[in-house]
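Novice: Here you go, sequence then predicted model.
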Amino acid sequence: MLKRMFLLVAASCLGLAAPAAAEDKPVLDVYTYDGFAAEWGPGPLLRAGFEKTCACTVKFTTAEDAISTLRKVQLEGPATRADVVLGLDTATAPEARATGLFVPHAVPVNGLVMAWDDPDFVPFDYGYFAFVYDTTKLPNPPKSFEDLIAMPDSFRIVIEDPRSSTPGLGLVNWIAAAYGDRAAEIWTGLKPHIVSMPRGWSEAYGLFLKGEADMVLSYTTSPAYHAVAENNPNYAYAEFTEGFFPQIEVAGILASTDQLDLARAFLTYLMSPEAQAIIPTTNWMYPVRDIGPALPAAFGSPPTKIIALDDEADFAAKAKARVDAALAAVQ
């Protein structure tokens, strides 16, 4: 009887100890955008993969878009719970850096498909902004912004708001890079065609799929989603002669983190072959590491004509003025 009671007490103690042991695991708080952490996004698989290596728990906190994520961190300041912010891009990184809230990542960045020397942020995927259309409905798409402007007023496009969406901000920068001082003229020409300018990519793409627009601002990799996930080869992106503006998505570590080593390990994992093989068919972007045949053929080759903007300091200094000018032209 005493032996049985001892076993029951021991079992009870073990039962009580198990949750405590689980709670002793360090927690890595990652702020990111909704689509990344969604069940169909890369977040769950990346979390599971990293947790196998770290004896830790990864917790995602989401906002609608990367810009919303940055605003959340700015609002919280040094008191933020975030250890890592994931999903900023090369257009929002300068503003993030200027907050002083991030610390140099100090992790090796080599063997990637791009040269990278940013001390504060590491890349985890990339793509190019483009207008996507259904080839069965639009057999002869415009081949430039000027072609798009020349389309009948009944030709409709959906773009994202540059104040809240990285694709929207990307379009502002794309037009600025392609047309310089003529950017306001291009925006004025686009105005009759813009049927909606929602806050984020998901809403914009949803409107396009519902038939509310002939083209939507998205990525050159978006048709790969339809081809691979839906077995639908009817989507394509318009080959604009001006060239394409790139987006590189990045992650950075908050200076206030109490999990610095864990955060660095997570950033290292993001660039690993294992993690990079997850990215293409969950986030539908190009991986920053060559993953060979793991990249579906539907992704094709990235565009070859790429345009870019100024150095980072100039880029950041002119960002608000570019957005304000674009909005003034279309409103």
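Specialist: Nice, thanks for sending it over. It should be emphasised that the depicted structure is a prediction, and the values quoted were computed from it without experimental measurement.

Novice: what's the average pLDDT for stretch 162-181?
Specialist: Across stretch 162-181, the average pLDDT comes to 95.

Novice: Which element is encountered next along the chain beyond the worst-scoring helix or strand of the chain on mean pLDDT?
Specialist: The helix or strand of the chain with the poorest confidence is helix 2-23; it has a mean of 40 (mean pLDDT, DSSP states H and E). With elements assigned by DSSP states H and E, the helix or strand that comes after helix 2-23 is strand 27-33.

Novice: So in that sheet, which strands flank that next one, and in what orientation?
Specialist: Strand 27-33 pairs in its sheet with strand 57-63 (parallel), strand 84-89 (parallel), by DSSP bridges.

Novice: quick one: low-confidence ranges for the chain?
Specialist: For the chain, applying pLDDT under 70 flags the ranges 1-23.

Novice: Tell me who's in contact with the most centrally placed residue in the chain.
Specialist: Nearest to the mean C-alpha position of the chain, by C-alpha atoms, centre = their mean, lies Gly87 at 4.6 Å. Counting by C-beta atoms under 8 Å, 6 or more residues apart in numbering, Gly87 touches Thr32, Tyr33, Phe36, Ala66, Thr69, Glu249, Ala251. In this view, the C-beta of every residue, glycine as well, is placed from N, C-alpha and C.

Novice: Phi, psi for the fifth one please.
Specialist: Spelled out, it's Thr69. In terms of degrees, to the nearest 10, the main-chain angles of Thr69 are phi -60, psi -40.

Novice: Quick check: it touching Tyr33?
Specialist: Yes. With contact defined as C-beta atoms under 8 Å, Thr69 and Tyr33 form a contacting pair (5.8 Å).

Novice: Spit out the residues that contact these two alike.
Specialist: Common contacts of Thr69 and Tyr33, defined by C-beta under 8 Å, 6+ apart, comprise Thr62, Ala63, Gly87.

Novice: Quickly note the distance from Asn173 to Arg289.
Specialist: Separation of Asn173 from Arg289 (C-beta to C-beta, to the nearest Å) stands at 25 Å.

Novice: Neighbour count: these two, which is higher?
Specialist: More crowded of Asn173 and Arg289, by other C-beta atoms under 10 Å: Asn173, with 27 against 20.

Novice: can you dump the C-alpha coordinates of whichever strand or helix holds that one into CSV?
Specialist: Secondary structure assignment for Asn173, by DSSP H and E: helix 166-179. C-alpha atoms of helix 166-179 as CSV (Å, rounded to 0.1, in the frame of the first residue of the first chain):
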residue,chain,number,x,y,z
THR,A,166,5.3,46.9,-48.9
PRO,A,167,4.0,46.1,-52.4
GLY,A,168,2.3,49.5,-52.5
LEU,A,169,5.6,51.2,-51.3
GLY,A,170,7.4,49.1,-53.9
LEU,A,171,5.2,50.5,-56.7
VAL,A,172,6.1,54.0,-55.6
ASN,A,173,9.8,53.2,-55.7
TRP,A,174,9.4,51.3,-59.0
ILE,A,175,7.9,54.2,-60.8
ALA,A,176,10.4,56.6,-59.2
ALA,A,177,13.3,54.5,-60.4
ALA,A,178,11.9,54.1,-63.9
TYR,A,179,10.7,57.7,-64.5
